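Asker: Next input, structure requested:
(4 chains)
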There are 2 protein chains.
Amino acid sequence: MTTETSGREQGLAERAYLNLRTAILEHELAPGTRLSVPNVAERLGVSRSPAREAIARITYEGLAHFEPNKGAVVADLNAESLVEIYEVREALEGLACRLASQRMNRDDVAGLRELLSQHTAAAEAGEVELHYELDMRFHARIRELAGNTRLTTQLELLQQQIRLAMYTTHRSPGGMPLALTEHRRIIDALESGDPVLAEAAGRSHIARLLRDLSSADRAG
Amino acid sequence: MTTETSGREQGLAERAYLNLRTAILEHELAPGTRLSVPNVAERLGVSRSPAREAIARITYEGLAHFEPNKGAVVADLNAESLVEIYEVREALEGLACRLASQRMNRDDVAGLRELLSQHTAAAEAGEVELHYELDMRFHARIRELAGNTRLTTQLELLQQQIRLAMYTTHRSPGGMPLALTEHRRIIDALESGDPVLAEAAGRSHIARLLRDLSSADRAG
DNA sequence: ATGGGGTAGATTACATGTAACTTAAGTGGA
DNA sequence: TCCACTTAAGTTACATGTAATCTACCCCAT
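Answerer: Down below sits the predicted model:
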């Protein structure tokens, strides 16, 4: 029997990392905030060792920048960085769709359609939060179906960075219906089993998001 | 004036990381070797703190695997992992070529052609080591020209992992002439300025490497 | 007012102490 | 002989001490 005081099982560093990441993704620690080791340690109620480790991990994941003898600062991703991120994401989501199209079966397709119908309902009900949730679930499911662990990891890291960058920006409800039709196109392409078509569908979805981003940037 | 005892300027952790990485890439620490903190610390002549940090970084970069309460082990990449890596690399090298085709100028093209001619000379002289060196330089130059820092970072990490995995395997001199014609095709595509063509050229080069890998795997 | 230089406080980077855990070898009993 | 248990060595994970470095503020001379 595992004797534990409360519901924790992983190490302190791991929990510190998770807490720190959450704090950053929710802008509790806004971009530009300095992540000093003693500060983070106190905030998370751990000693400096796991705090330092958590900060290092956050940095490796691109949620903070680091300068030797200076420390880490929560990443403040500018438009140029977002373009870079989306360029990479376009290529990788395309790959995910290509691989998924070759590996998934009828049930997998049905599962995606079910997700899409929930998503449609949420969009029609104007539930923006749920919309984002289901949008992410859709993409998460596809990369899972692609069955390439490295690809999955990279896409998740990009997703995190985007989430951080978009914290205030990303609520442009105008894109919701478009996303839905694009998702439908992706499912259709996946179902066809044609990897080229699937890749194109996945890529054009992300490419469109990047274009919207650029135009919003010009407008703002 | 910077008062330094010898030619080092970065921190101990950085140097420890570089030394450890070199040791791993040269199979001085072969795949499967356990990287215990005290052991690595002694080997590199530093205390446990920078050693631990170096091991963590190696792990994040995919050159070692990690299990909580167990420690890190030098990555032993099997055929399946290599396929994953090459799948991602194909997509990203394609992107690199696409971006480079849109951003590079005549001088850049000339520079690549110069590299290729050196490469051709090395191949004809049968200088295998130089061949690999120049092959890497070629790809490095293209990602540099692509001008996307995240893309560059990812490709470099993949390159490292491939180098580790291929330490013994990768000397298949039969591929040398093929690589040269493919590189020429890539340069031609880049020069044309057509991003679709450039991407296709870059991708098919990597896709071919993956196919060779699979067939060598079957044969071996 | 302004710029230079010193100084105090905070922080990083590294070193080291130590409890808990993992592993495997040894020991004794069935 | 074989298995359960103990135990010892090695290691991880975390805590903490400390010198060197950085930062920002203040003071003073111009």
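
Asker: CA only for contacts and neighbour counts going forward, please
Answerer: OK.

Asker: Quick one: check the helix or strand encompassing residue A:17 for contact with DNA strand D.
Answerer: Assigning secondary structure by DSSP states H and E places residue A:17 in helix A:12-25. Yes - on the criterion Cα under 7 Å from any atom of the strand, helix A:12-25 is in touch with DNA strand D at A:12-14.

Asker: where's the residue nearest to residue A:130 when sequence neighbours are not counted relative to residue A:47, distance?
Answerer: In space, and not counting its chain neighbours, residue A:130 is closest to residue A:122: 6.3 Å by Cα to Cα, 6 or more residues apart in numbering or on different chains. In this view, residue A:122 and residue A:47 are 43 Å apart by Cα to Cα, to the nearest Å.

Asker: So for these two, which residue has more residues nearby?
Answerer: In this view residue A:122 and residue A:47 are compared by other Cα atoms under 10 Å in any protein chain shown, and residue A:122 has more residues nearby, 19 against 15.

Asker: What mean pLDDT does the helix or strand where the more buried one lies get?
Answerer: Per DSSP H and E, residue A:122 falls inside helix A:106-124. Averaged over helix A:106-124, pLDDT sits at 96.

Asker: same check, this time on stretch A:187-200
Answerer: 98.

Asker: do stretch A:19-30 as well
Answerer: Confidence for stretch A:19-30, expressed as mean pLDDT, is 97.

Asker: where's the most centrally placed residue in chain A, which helix or strand?
Answerer: Geometric centre of chain A, nearest residue: residue A:159, 2.0 Å, by Cα atoms, centre = their mean. According to DSSP H and E, residue A:159 maps onto helix A:149-165.

Asker: how far away is the residue lying closest to residue A:21 once chain neighbours are set aside from chain B?
Answerer: Nearest residue to residue A:21 in three dimensions, chain neighbours excluded: residue A:58, at 6.9 Å (Cα to Cα, 6+ apart). Going from residue A:58 to chain B by Cα to the nearest Cα, to the nearest Å gives 11 Å.

Asker: what helices or strands is the helix or strand containing residue A:58 leaning on?
Answerer: Taking DSSP H and E as the criterion, residue A:58 maps to helix A:48-60. Judged by 3 or more Cα pairs under 8 Å, 6 or more residues apart in numbering or on different chains; DSSP states H and E, the packing partners of helix A:48-60 are helix A:12-25, helix A:37-44, strand A:64-67.

Asker: Could you list the buried residues of it?
Answerer: Buried residues in helix A:48-60, counting neighbours by 16 or more other Cα atoms under 10 Å in any protein chain shown, are found at A:48, A:50-60.

Asker: Can you lay out those as a markdown table showing pLDDT?
Answerer: Below are those laid out as a markdown table (pLDDT from 0 to 100):
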| residue | pLDDT |
| --- | --- |
| A:48 | 98 |
| A:50 | 98 |
| A:51 | 98 |
| A:52 | 98 |
| A:53 | 98 |
| A:54 | 98 |
| A:55 | 98 |
| A:56 | 98 |
| A:57 | 98 |
| A:58 | 98 |
| A:59 | 98 |
| A:60 | 97 |
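
Asker: from the residues you listed, which is closest to residue A:204?
Answerer: Closest approach to residue A:204 among the buried residues of helix A:48-60 (Cα to Cα): residue A:60, at 28.7 Å.

Asker: who are the neighbours in contact with the closest one?
Answerer: Going by Cα atoms under 8 Å, 6 or more residues apart in numbering or on different chains, residue A:60 touches residue B:60.

Asker: One more pass at 10 Å, please.
Answerer: A:54, A:66, A:157, B:57, B:60-61 (Cα atoms under 10 Å, 6 or more residues apart in numbering or on different chains).

Asker: How far does the helix holding residue A:122 sit from its chain's centre?
Answerer: Offset of helix A:106-124 from its chain centre (Cα atoms, centre = their mean, to the nearest Å): 20 Å.

Asker: Now do that helix: which elements does it pack against?
Answerer: Other elements packing on helix A:106-124 under the criterion 3 or more Cα pairs under 10 Å, 6 or more residues apart in numbering or on different chains; DSSP states H and E are helix A:128-146, helix A:175-192.

Asker: Could you name the stretch from those helices that's closest to residue B:132?
Answerer: Of all the helices and strands packed on helix A:106-124, helix A:128-146 sits nearest to residue B:132, with 31.4 Å by Cα to Cα.

Asker: Contact residues of chain A facing DNA strand C?
Answerer: Residues of chain A lying near DNA strand C (Cα under 7 Å from any atom of the strand): A:35-39, A:49, A:67-72.
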